[in-house]
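Colleague: Okay, predicted coordinates and the sequence, questions at the end:
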Amino acid sequence: MRWQPTADKATLERRAQLLADVRLFFAKRGVLEVDTPVLSPSAPTSPYLESFQTEFTPLAGGEVQTLYLQTSPEFAMKRLLAADIGPIYQIAKVFRNGELGRCHSPEFTMLEWYRPDFSLDELMEEVTALLNDVVDISGAIKLSYAAVFSQYLDVDIFSCTVETLRDVALKQITSIDSQLSLDWNGWCELLMSEVIEPQLAQRQVPVFIYDFPASQAELAKVKQDDDGHAVAARFELYFAGVELANGYDELLEADELTKRFERDNHYREQINKPSMPVDSRLLAAMQAGLPPCSGVALGLDRLIMAALDKKDIALVHSFGRDLSYICHK
């Protein structure tokens, strides 16, 4: 049985230095490091995220409680924002069930931060500054979601149908099953990850994609773009063929977020997935008043991969093959 680490000493030293540099970056900017619970009685409702769950059994007796490992520290951090803590960041272990591959691990390290009164453009500039200062990656460019679908797939994202997206996917991705059934957003996600992302890598610079379809708003605001289309006020950052970060101009209305949670859970039930318990504490915090803010989550493991030109996430983890061994032995 293999017991040795998958990352070499030089990589572990570079990882430690990167974490120190991230902390220095935010200390210079007056952003407070925080630490929030990993376990929660609630979980994200997104149909595309699967949470690990466990049980808390009180030693003194009582009801067994289902708890979930965080897929992101977002909900708890927003409660801190509502308590007027100010700009905050966190380096957190996060967990996503079912994710295992060259760029995916069920356990990974996320850098997440929130900036009250920052616009999405200001947040993108800060992400750019972090890349430059911490890993010496520069030259970032910005492209709209509609622009990349038009350029790389000849698709008008604001008028195309599910059938159009399916036909394009079957032509572009020969490995997929012709019987595959996805909704509109599912086909968009597939085309982005399998066709567009690899072509973005050829630019050899970080690429921000912004103004996503309104149906992909998740926890972001919805606004109108310059042409009057409803779009999600969010961005994703890509570099070297992988997604590094996901940022939002954060939704502030608890009632709207409640509707989105309900819509997600309804869709989960339609596709035979369990509905997830909604975070009532987050909704209460938003009702009390979440300040206008933008926030971003960045995968630190992928950033280290990019900085060191590593092609497998296991190579930047101390023991990145342990779960893979269990799954495939």
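Modeller: Here it is on my side, so go on. Numbering: from 1, shown residues only.

Colleague: and the residue lying farthest from the centre of the chain, what element?
Modeller: Distance from the centre of the chain peaks at Ala60, with 38.5 Å (Cα atoms, centre = their mean). Under the criterion DSSP states H and E, no helix or strand holds Ala60.

Colleague: residues contacting it?
Modeller: For Ala60, no contacting residues are found, by Cβ atoms under 8 Å, 6 or more residues apart in numbering. (Each C-beta comes from the backbone N, C-alpha and C, glycine too.)

Colleague: ok, now how distant is it from Val168?
Modeller: Ala60 sits 59 Å away from Val168, going by Cβ to Cβ, to the nearest Å.

Colleague: what's around Asp312, how many residues?
Modeller: Asp312 is flanked by 15 other residues according to other Cβ atoms under 10 Å.

Colleague: Okay, now the unreliable bits of the stretch 101-250 of the chain?
Modeller: In the prediction, the stretch 101-250 of the chain carries no residues with pLDDT under 70.

Colleague: Now the residue farthest from the centre of the chain. Its backbone dihedrals?
Modeller: Per-residue torsions, Ala60: phi -80, psi 10 (degrees, to the nearest 10).

Colleague: Looking at strand pairing, list the partners for the most centrally placed residue in the chain.
Modeller: Geometric centre of the chain, nearest residue: Asn246, 4.9 Å, by Cα atoms, centre = their mean. Bridge pairing for Asn246 (DSSP bridges) gives the partners Glu236, Ala297.

Colleague: Wait, it touches Glu236, no?
Modeller: Yes: assessed by Cβ atoms under 8 Å, Asn246 is found in contact with Glu236 at 5.3 Å.

Colleague: And for Glu269, nearest residue in space, chain neighbours not counted?
Modeller: Spatially, and ignoring its direct neighbours in sequence, Glu269 is nearest to Ser275 (5.8 Å; Cβ to Cβ, 6 or more residues apart in numbering).

Colleague: and the one you found, which of the three is it?
Modeller: Using DSSP: H, G, I helix; E, B strand; the rest coil, the structure places Ser275 in coil.

Colleague: quick one: the strands in the stretch 201-329 of the chain?
Modeller: Assigned by DSSP state E, counting those that start in this stretch, the strands in the stretch 201-329 of the chain fall at 207-213, 222-224, 230-239, 242-249, 293-299.

Colleague: Turn those into TSV, columns for distance to Lys93.
Modeller: Listed next are these as TSV, based on distance: least, Cβ to Cβ, whole Å:
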stretch	distance to Lys93
strand 207-213	26
strand 222-224	31
strand 230-239	21
strand 242-249	17
strand 293-299	12
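
Colleague: Of all the ones you listed, which one is nearest Lys9?
Modeller: Minimum separation from Lys9 across the strands of the stretch 201-329 of the chain (Cβ to Cβ) falls at strand 293-299, 22.8 Å.

Colleague: The closest one - what's its average pLDDT?
Modeller: Averaging pLDDT along strand 293-299 yields 98.

Colleague: Return the residues in contact with Pro5.
Modeller: Leu12, Ser318, Phe319.

Colleague: Read off the pLDDT value for Glu99.
Modeller: 87.

Colleague: That one touches Thr71, doesn't it?
Modeller: No: contact between Glu99 and Thr71 fails when scored by Cβ under 8 Å: they sit 9.8 Å apart.

Colleague: Which of these two has more residues huddled nearby?
Modeller: Between Glu99 and Thr71, counting by other Cβ under 10 Å, Thr71 is the more crowded of the two (22 against 15).

Colleague: Do you know the pLDDT at the more buried one?
Modeller: pLDDT, Thr71: 98.

Colleague: Cross-check the contact I'm expecting between it and Val94.
Modeller: Yes: when contacts are counted by Cβ under 8 Å, Thr71 is listed as touching Val94 (5.7 Å).

Colleague: Just the CA trace of stretch 102-119, in PDB.
Modeller: The C-alpha coordinates for stretch 102-119 follow below in PDB (Å, rounded to 0.1, in the frame of the first residue of the first chain):
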ATOM      1  CA  ARG A 102      -7.200  15.800 -12.500                       C
ATOM      2  CA  CYS A 103      -8.600  19.200 -11.400                       C
ATOM      3  CA  HIS A 104     -11.100  18.000  -8.800                       C
ATOM      4  CA  SER A 105     -10.900  16.600  -5.300                       C
ATOM      5  CA  PRO A 106     -13.600  15.900  -2.800                       C
ATOM      6  CA  GLU A 107     -11.600  17.900  -0.300                       C
ATOM      7  CA  PHE A 108      -9.700  21.000  -1.300                       C
ATOM      8  CA  THR A 109      -8.700  24.500  -0.100                       C
ATOM      9  CA  MET A 110     -10.700  27.600  -1.000                       C
ATOM     10  CA  LEU A 111      -9.800  31.200  -0.600                       C
ATOM     11  CA  GLU A 112     -13.000  33.300  -0.200                       C
ATOM     12  CA  TRP A 113     -13.300  37.000   0.400                       C
ATOM     13  CA  TYR A 114     -16.000  39.700   0.600                       C
ATOM     14  CA  ARG A 115     -15.700  43.400   0.000                       C
ATOM     15  CA  PRO A 116     -18.500  45.700   1.200                       C
ATOM     16  CA  ASP A 117     -19.200  48.500  -1.300                       C
ATOM     17  CA  PHE A 118     -16.900  47.000  -3.900                       C
ATOM     18  CA  SER A 119     -18.300  46.800  -7.500                       C
END
